[in-house]
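Chemist: I'd like to go over a predicted model; first the sequence, then the structure.
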Amino acid sequence: MQNVFITGANRGLGLGFVRQYLSNGRKVLATCRDLKVAYELLNLKKKFNERLEILELDLFSDDSINKLSEILSDTPIDLFVNNAGIMGVRNLKLGEVSGGSWQEVFRVNTIAPVLLTQKLLTNICLGQEKKMIFISSRVGSIQENTGGAMYAYRSSKTALNQVVKSLSIDLFDRGVSSVALHPGWVLTDMGGANALIDVKTSVTGMISVINSISNSDSGKFLNDYLDNKIFSIDPFVSIDDGVADLVEIAVERGKIQNKKLKLGICGEHGGDPKSIEFCSKAGLNYVSCSPYRVPIARLAAAQAELKKK
């Protein structure tokens, strides 16, 4: 029976990974910071017994990482899933950022994964799959950062992607694959209530991608929700059918209350021609987008108006 090691396993994506891998017949080594409040994991332990081992791990503590390494000893780890991560203080504007909070985010999201890899590398090399998965995010993309802010979280994920690339080079001769995965915008405590997909959908997609990963993928950053066809379009760029329905409902109800109400959208969707055409048909008054998308947005808006005539 192959072992799956998962950090940050007491909620969100981590808990989703635990549930699905247990259902798939794997043995899971699940870590959490405080075992006493890991209620969902403890309930799963009652059901799956010896196939679920729950381990305490505080990623802020080198001693905790060292202790975990001692506990695992020579236990093989076939699949290493570095899921644990923190956002830090949300919505901090320039002038409000502190070095202390930034360091905390970097410690958990970037530094701890390297320290953990160092301590568990022997275990990973003893495994059959030798796959290391790091849950990253597209907010770490330099090219796609059009919204600014989120200094600590964005930079920690950018740095994590570089860590994954370096690991892929350093561990190539040992046959270990190292990959960064973007889970999509997921309905978790971190993702928030406006996210586009639920945990089960995201984890199902990522596991499908993980199963298909080979050594040739090592060092890559993968968008599971696109590459695995969970969505036919990128929901961060173009409005999908579900969001479109919500916009139409909002327009209808808003106009009932105030016929003069001005409505619009702000974000990358405001620079997408398909989304702009939809907004025009739905009765929105304006779109807002990044400066470099404005020429495209103006042209698309003009074309959308002409189609009405």
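Modeler: Happy to help now that I have it.
Chemist: all contacts plus neighbour counts: C-alpha atoms, from now on.
Modeler: OK.
Chemist: What sits closest to E53 if chain neighbours are left out?
Modeler: Distances taken as CA to CA, 6 or more residues apart in numbering place L29 nearest to E53, at 4.9 Å, with adjacent residues excluded.
Chemist: Quick check: bridge partners of that neighbour?
Modeler: F5, E53 (DSSP bridges).
Chemist: list the buried ones in stretch 193-207?
Modeler: 196-200, 202-207 (16 or more other CA atoms under 10 Å).
Chemist: and N258, backbone torsions?
Modeler: Backbone torsions of N258, given as degrees, to the nearest 10, read phi -150, psi 100.
Chemist: For V179, give me the pLDDT.
Modeler: At V179, the model reports a pLDDT of 96.
Chemist: would it count as being in a helix?
Modeler: No: according to DSSP: H, G, I helix; E, B strand; the rest coil, V179 belongs to no helix; its state is strand.
Chemist: Quick check: the gap between it and M1.
Modeler: 23 Å (CA to CA, to the nearest Å).
Chemist: And A195, by the same measure?
Modeler: Computed as CA to CA, the A195 to M1 distance reads 35 Å.
Chemist: What is the least confident helix or strand in the protein?
Modeler: When each helix and strand of the chain is scored by mean pLDDT, DSSP states H and E, helix 224-227 comes last, with a mean of 54.
Chemist: I'd like to know which elements the following helix or strand past that one is packed against.
Modeler: Helices and strands here follow DSSP states H and E; after helix 224-227, the next one along the chain is helix 241-257. If you count contacts as 3 or more CA pairs under 8 Å, 6 or more residues apart in numbering; DSSP states H and E, helix 241-257 packs onto helix 273-282.
Chemist: hmm, who's touching the helix it packs on?
Modeler: Residues outside helix 273-282 that contact it (CA atoms under 8 Å, 6 or more residues apart in numbering) are 238-239, 244, 247-248, 251, 264, 269-270, 287, 296-297, 300-301, 304-305.
Chemist: Tell me how this structure divides into domains.
Modeler: 3-227, 241-308 (automatic domain parsing).
Chemist: can you tell me which of the ones you listed the model trusts least?
Modeler: domain 241-308 (a mean of 80).
Chemist: Pull the distance from it to the chain's centre.
Modeler: Per CA atoms, centre = their mean, to the nearest Å, the displacement of domain 241-308 from the mean C-alpha position of its chain is 28 Å.
Chemist: One more: stretch 50-61?
Modeler: Distance of stretch 50-61 from its chain centroid, counting by CA atoms, centre = their mean, is 21 Å.
Chemist: Show me which residues of it are buried.
Modeler: Of all the residues in stretch 50-61, those buried under the rule 16+ other CA under 10 Å are 51-59.
Chemist: so T158 touches S141, yeah?
Modeler: Yes: counting by CA atoms under 8 Å, T158 touches S141, with 6.4 Å between them.
Chemist: neighbour count winner among these two?
Modeler: T158 (18 against 14; other CA atoms under 10 Å).
Chemist: Quick check: which element contains that one?
Modeler: Here T158, judged by DSSP H and E, is contained in helix 151-170.
Chemist: and that helix, what other elements does it pack with?
Modeler: Judged by 3+ CA pairs under 8 Å, 6+ apart, helix 151-170 is in contact with helix 99-106, strand 177-182.
Chemist: contact partners of it?
Modeler: Contacts for helix 151-170 (CA under 8 Å, 6+ apart): 86-88, 97, 101-102, 105-106, 109-110, 114, 134, 136-137, 139-142, 176-180, 218-221.
Chemist: ok, now how distant is the residue nearest in space to the middle of the chain from I133?
Modeler: The residue lying closest to the centre of the chain (CA atoms, centre = their mean) is P183, at 3.8 Å. P183 sits 11 Å away from I133, taking CA to CA as the criterion.
Chemist: rewinding a little: let's verify the closest residue to the residue nearest to the centre of the chain other than its chain neighbours: helix, strand, or coil?
Modeler: Nearest residue to P183 in three dimensions, chain neighbours excluded: S202, at 5.8 Å (CA to CA, 6+ apart). Following three-state DSSP, we place S202 in the helix state.
Chemist: looking at it, S202 is touching L187, isn't it?
Modeler: No: judged on CA under 8 Å, S202 makes no contact with L187 at a distance of 9.4 Å.
Chemist: if we can go back for a sec, highest mean neighbour count out of the domains of the chain?
Modeler: Greatest average neighbour count among the domains of the chain goes to domain 3-227 (a mean of 18), per mean count of other CA atoms under 10 Å.
Chemist: List the contacts of L68.
Modeler: Applying CA under 8 Å, 6+ apart, one finds that L68 lies in contact with 55-57.
Chemist: mind checking how far it is from R51?
Modeler: L68 is 18 Å from R51, where distance means CA to CA.
Chemist: Likewise for K93?
Modeler: 45 Å.
Chemist: What sits closest to S73 if chain neighbours are left out?
Modeler: N123 (7.8 Å).
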